[in-house]
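Engineer: no sequence on this one, just coordinates:
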């Protein structure tokens, strides 16, 4: 690992997802959302260059730019996409519901 580079704490969980995305030829909504999520996670991270480069490769394979990927994922979410809560896919950061009128006590 190069000087100043770090190991991301979720690298071990994310690497298999990236490997799967590299095999996708026609992305589903879930694939687009996962790619955008991972791009954001690693965007300013000082390391994991392999993940960053492989995500760019996947996007290019799909004939998309990063901006067009983000446009498509915004449309996916606007059309009611919700991650499969039963799957441990990492799409949701926490169980916190900011719309709850009765928040749980600290």
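Structural biologist: Done, it's in. Not measured: the values here are computed from a predicted model.

Engineer: so what pLDDT did the residue nearest the centre of the chain get?
Structural biologist: Against the mean C-alpha coordinate of the chain, by CA atoms, centre = their mean, the closest residue is residue 37 at 2.3 Å. Note for residue 37: predicted pLDDT of 95.

Engineer: repeat for residue 82
Structural biologist: 88.

Engineer: SS state for it?
Structural biologist: Look at residue 82: counting by DSSP: H, G, I helix; E, B strand; the rest coil, its state is coil.

Engineer: mind starting the numbering at 30 from now?
Structural biologist: Sounds good: first residue 30 from here, last item residue 111.

Engineer: Just give me the neighbour total for it.
Structural biologist: By other CB atoms under 10 Å, 8 other residues sit near residue 111. Where C-beta positions appear, they are placed from N, C-alpha and C, glycine not excepted.

Engineer: Kindly report the same for residue 99.
Structural biologist: Neighbourhood size, residue 99 [other CB under 10 Å]: 16.

Engineer: Please verify my assumption that it contacts residue 65.
Structural biologist: Yes: taking CB atoms under 8 Å as the definition, residue 99 is a contact partner of residue 65 at 6.0 Å.

Engineer: doesn't residue 70 make contact with residue 76?
Structural biologist: No: using CB under 8 Å, residue 76 is not in contact with residue 70, being 12.0 Å away.

Engineer: Name the residues contacting each of these two.
Structural biologist: residue 37 (CB atoms under 8 Å, 6 or more residues apart in numbering).

Engineer: just checking, residue 112 touches residue 58?
Structural biologist: No: using CB under 8 Å, residue 112 makes no contact with residue 58, being 10.1 Å away.

Engineer: dump the residue contacts of residue 91.
Structural biologist: 53, 54, 55, 56, 98.

Engineer: swap the cut-off to 10 Å and go again
Structural biologist: 50, 53, 54, 55, 56, 60, 61, 64, 97, 98, 101 (CB atoms under 10 Å, 6 or more residues apart in numbering).

Engineer: of the residues you listed, closest to residue 81?
Structural biologist: Comparing those against residue 81 with CB to CB places residue 64 closest, at 11.6 Å.
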